[in-house]
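Visitor: Next comes the sequence, and after it the predicted model I'd like to discuss.
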Amino acid sequence: MQKKILVIFLLSIIAVSPLLAQGGEKELYDPSRPWITEFTDSLPLRQANPAPVVPLDFRMSDGSIFAPVLIEDVPIHLALKSALIDGMPPTKDQHYVLNYPEWLADTPVVVWYLTDNATNTTKTIPALPGVYPDRMTLVPTAPTSSGLLRCYVNRRMSYYDESGQLGETDAQGSKAILITVKDITPPVCGLSIKLSNGKTGSCWPVEFPKDKYPLPKTASVYAMGSIFNLQEGDFLEAPTLDLGMNMVLDEQFAIEVDKETVMELAVVGGDNYELDKSKVFFGVCSGAGGEPVPVYEPNTNPLEFSRINLPKKPYLYVDASDKTGNRQVMYIPLIYKGE
Amino acid sequence: MKVFKWLSIGVVAVFLVAVTVPQFMSYALGEDTQQQEEQTEQEEQKVVTADEFDPKKGGQAAPMSLEAKSDGGTFAAQNDKTTNATHAFEDTKVSLGEGSTIFTEDMKQNPNAPSIAWTSTATDEKGNPIPGATSEAIPGAENSTQADAEGYQPGHYSIGNHAARLVEVPEAVGGPGIDGGITEEEYRDLIENDYIKGDEVPADVKIADLDEKSQNRVNSRRVNTATANVQLVVHDVTPPDVWVALRECVGDVCTDDLQEKLDNSIRDFQGSPCGEDAKNLMTVAKDSELNGKQTLDDLADEYKFSYVTIDEGGVGGLKLVPGQAPVLDGTVAARDQHPEKKTVRFTLKGFLFDRHGRAVKDTFVNMPTQVHEEEELKRMANFSFDSNEKAPKGIYVRKNVPLQVFISSVDNRDRRRNNTNADRIQCAIFEVDKHGNETPIWEGDSLSTAGAVFRVPNYPRDKYADQPSYKLAVRVDDEPSTSGPVAGKNNTTYFESPIFVVDTGASFDTMRR
């Protein structure tokens, strides 16, 4: 009898075990939806407690319809249009009645983002409060050919539910619109230089102050390395040059070359949005400022100075454009040690 | 019968007036067009329910849920559905997760990945953003439906989850839909709603070719958004930082402004006698970077006092070398440890801790903070000289010389910016008889004006066994929590020390007469 019971018991375990195993299995990661985690996959698609959504829209502050073409770093003045700002709190949610609703917060939390659709990267945009609570000034600092301007507002409120229980929640609204932000910042390209005599160095601009408006954009230029007769850890700085086609460095940035010099060059830096790699040039030119006048085939690398007829005022130059057409040309003076 | 006839005519007349007059008034006032325009916009902005939501239809705010969970244990976060708030303890990790219809639709229908952002905004209790506070992205959470919120100081935060997803535009006229083309359906929508005149959809038309109003309509219809918010209430489990300056009231140094300077210094250095962060210590120590801030040592030199500091510390300590700025002893002092690992740092310096009046250079003791009431989860930084063998035995003062006590405190609930409310600072000197009975001979928030005077020496104790002993006790409480699992409870820093009264004849080489 005992044997029978044991056999039945074992058989029943064997029979049930596949079911148990099946129940315990769960796909933790779905490659087609990498943003969803194990934790969030189990969440319901709507809030278990009231979370009223209120319509939200934004316009230009003069009342005109929002223009979806923005210019980098140029402030825009917007007005929010929603009951979250100046209206009454909502009286119902999807499945709840919110009796006697009252705003708890005098001021809503407003968050703005700028998203670049190509890379799906998002930046928070600080909003400067205006004179009225619905007005604010935004500065779109990231250029994009296809982006989203996103606004999210939430405001804390209280209510009584149907059983008379006092509750709190956030009423919220969101709005996003497809936009483009035109790039107006020239590239910030520099040169990494290696000489045949073993000296090396780099010279590059950094946009400073960042996101400056009104134009012109400005940059600080830095140099480091033995090529500029600097010790390790030391650097040169040329503060606030206009970032554009006239970035002419002074004599402290001069590089000494002679007939035997062979110079290897590499472009460093880039653009704040999209560098047009087909329009990046470097080499030796005559004179500085404006359109460079190359004295040798651009982008020849390495440069053999024995083959170059140096002009009276030779400069190394780097000429870079971004895909919007912003252009930067930087000139580094050369000192020729003749025979 | 006649009555019925007139009644009928009357009802019809009233109906006609009721219908026509408002329309006429509205027409006369010119409100019609504007209202219609606003109505149209409101329709576009219609809030949809989870059941109604159609991911292919753009311009909608989709439903979303947001929940929090943490790693459990004593300090686990708690969700309060009634207030849509999550209560957490400082220096713990809270995982937040979201669910929304816009994340779960069929990927074949829409290959555009959602754009997800998580932000926290410091608010007051009612949810008003704190002036000057900016919304900060939660690190490492971009484009993920889960975020780990940690490292928050005690206070209230609005945690927002903000998502947007482009609606797929598969067959756009004039090029790719998202980058510039417009679909036939969208163009027809513009025609039907009088944004554009005409019947035919042109073969090549881009969004840029449209007027601003039409562009806006198309662009608005191409994104779905979803948002959910939760109030994160971070509860304080760190006892306040306390500085106690002990001074014999002699000489010509005026102490009228010492309390104010001590308050400024503890605020400037955020409760740590040598700066908030150990890494900043060397920087802080540079005179050029102090910007006029006075360190505790500066004040001690100027006002000739000894001091005791109790602050949230860590495994390391600070080395105080006379005549030099304080330096680290080689290990990093860590604040903001997990509640179970929090430690308190005890630092003292001065000549009142030595029976012969010699300056005690440095003493550092790191000890864990204690949970003084287990179920309340509130912490106490408790230190008495009796409890630690390495520490000096007490405070030595001379008979007939008034002892002044100045106390300053900051708490991390106030982000170590403001001094704790003075009524939460308690200071007392007790007379203790042979039986251990304690009688307060002085009580207050500090002992800064007249000071306490002891007329009869009681040290060495064996010589003056008939004299009572004295004890200094300092207790500082921080603000109690107003909500959540620890409502009404607060953290405490407590310090006590015996006071030994030595005969005036004792030599105090650093005192001024």
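Guide: Perfect, thanks for sending it. Given the structure is predicted, the values throughout are model-derived calculations rather than measurements. Numbers count the residues shown, from 1 in each chain, chains lettered A, B, ... in the order given.

Visitor: Please make it C-alpha for all contacts and neighbour counts, starting now.
Guide: Fine.

Visitor: Make sure residue A:327 is actually in contact with residue A:242.
Guide: No - applying CA atoms under 8 Å, one finds residue A:327 not in contact with residue A:242, separated by 11.9 Å.

Visitor: Just give me the neighbour total for residue A:234.
Guide: If you count neighbours by other CA atoms under 10 Å in any protein chain shown, residue A:234 ends up with 11.

Visitor: what's it in contact with, if anything?
Guide: Counting by CA atoms under 8 Å, 6 or more residues apart in numbering or on different chains, residue A:234 touches A:224, A:225.

Visitor: quick revisit: more neighbours, residue A:327 and residue A:242?
Guide: Ranked by neighbour count (other CA under 10 Å), residue A:327 and residue A:242 place residue A:327 first, with 22 against 18.

Visitor: got the contact list for the helix or strand hosting residue B:186?
Guide: Residue B:186 belongs to helix B:184-192 when assigned by DSSP states H and E. By CA under 8 Å, 6+ apart, the residues outside helix B:184-192 that reach it are B:171, B:172, B:173, B:196, B:197, B:198, B:199, B:201, B:214, B:218.

Visitor: Just the buried residues of that helix, please?
Guide: Under the neighbour-count criterion of 16 or more other CA atoms under 10 Å in any protein chain shown, helix B:184-192 has B:184, B:186, B:187, B:188, B:189, B:190, B:191 buried.

Visitor: and the gap between residue B:70 and residue B:238?
Guide: 20 Å (CA to CA, to the nearest Å).

Visitor: okay, now the residue in the stretch 351-500 of chain B positioned nearest to chain A: neighbour count?
Guide: Nearest residue of the stretch 351-500 of chain B to chain A: residue B:483, at 13.1 Å (CA to the nearest CA). Using other CA under 10 Å, residue B:483 has 13 neighbouring residues.

Visitor: Domain boundaries for the chain, per the record?
Guide: All of this is about chain A. A:56-182, A:188-336 (automatic domain parsing).

Visitor: actually chain B
Guide: Following automatic domain parsing, one finds the domains of chain B at B:2-44, B:61-168+B:198-234, B:236-502.

Visitor: So which of the ones you listed is the most surrounded?
Guide: Highest mean neighbour count among the domains of chain B (mean count of other CA atoms under 10 Å in any protein chain shown): domain B:61-168+B:198-234, with a mean of 21.

Visitor: Take the buried residues of helix B:184-192 and lay them out in TSV including pLDDT.
Guide: Formatted as TSV, those follow (pLDDT from 0 to 100):
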residue	pLDDT
B:184	85
B:186	86
B:187	89
B:188	88
B:189	86
B:190	90
B:191	90
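
Visitor: got TSV for the domains of chain A, with mean pLDDT too?
Guide: Output for the domains of chain A, formatted as TSV (pLDDT from 0 to 100):
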stretch	mean pLDDT
domain A:56-182	90
domain A:188-336	93
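
Visitor: among those domains, which is nearest residue B:443?
Guide: In terms of CA to CA, the element of those nearest to residue B:443 is domain A:56-182, at 41.2 Å.

Visitor: can I get the domains of chain A in CSV with distance to residue B:246?
Guide: Below are those laid out as CSV (distance: least, CA to CA, whole Å):
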stretch, distance to residue B:246
domain A:56-182, 45
domain A:188-336, 47
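
Visitor: Among those domains, which comes closest to residue B:224?
Guide: domain A:56-182 (7.3 Å).

Visitor: And the closest one, how far out from the chain middle?
Guide: The chain centroid and the centroid of domain A:56-182 are separated by 21 Å under CA atoms, centre = their mean, to the nearest Å.

Visitor: anything in it near chain B?
Guide: Yes - Domain A:56-182 lies within reach of chain B by CA under 8 Å from any CA of the partner chain, at A:56-57, A:65-68, A:94, A:104-109, A:111, A:115, A:120-122, A:124, A:126, A:145-146, A:150, A:152, A:154-156, A:166-170, A:172-179.

Visitor: Which among those count as buried?
Guide: The neighbour-count test (16+ other CA under 10 Å) applied to the residues of domain A:56-182 next to chain B identifies A:56-57, A:65-68, A:94, A:104-109, A:111, A:115, A:120-122, A:124, A:126, A:145-146, A:150, A:152, A:154-156, A:166-170, A:172-179 as buried.

Visitor: So which of those residues are in strands?
Guide: Judged by DSSP state E, these include A:56-57, A:109, A:111, A:115, A:121-122, A:124, A:145-146, A:150, A:152, A:154-156, A:166-170, A:172-179 as members of strands.

Visitor: Phi and psi next, for the spatially most central residue of chain A.
Guide: Among the residues of chain A, the one closest to the centroid is residue A:142, at 5.4 Å (CA atoms, centre = their mean). The phi and psi values for residue A:142, taken as degrees, to the nearest 10, are phi -110, psi 120.

Visitor: next one: residue B:220
Guide: Dihedral angles for residue B:220 - degrees, to the nearest 10 - are phi -70, psi -30.

Visitor: Can you tell me how far it is from chain A?
Guide: With distances taken as CA to the nearest CA, to the nearest Å, residue B:220 is found 5 Å from chain A.

Visitor: My read is that that residue contacts residue A:177, right?
Guide: Yes - applying CA under 8 Å, one finds residue B:220 in contact with residue A:177, separated by 5.0 Å.

Visitor: all strands of the stretch 151-300 of chain A, in order?
Guide: With strands called from DSSP state E, counting those that start in this stretch, the stretch 151-300 of chain A shows them at A:166-182, A:188-195, A:200-207, A:218-224, A:236-242, A:247-248, A:255-257, A:262-270, A:275-286.

Visitor: Please enumerate the strands of the stretch 251-400 of chain B.
Guide: B:306-313, B:318-319, B:327-328, B:343-350, B:360-368, B:370-373, B:378-384, B:395-398.
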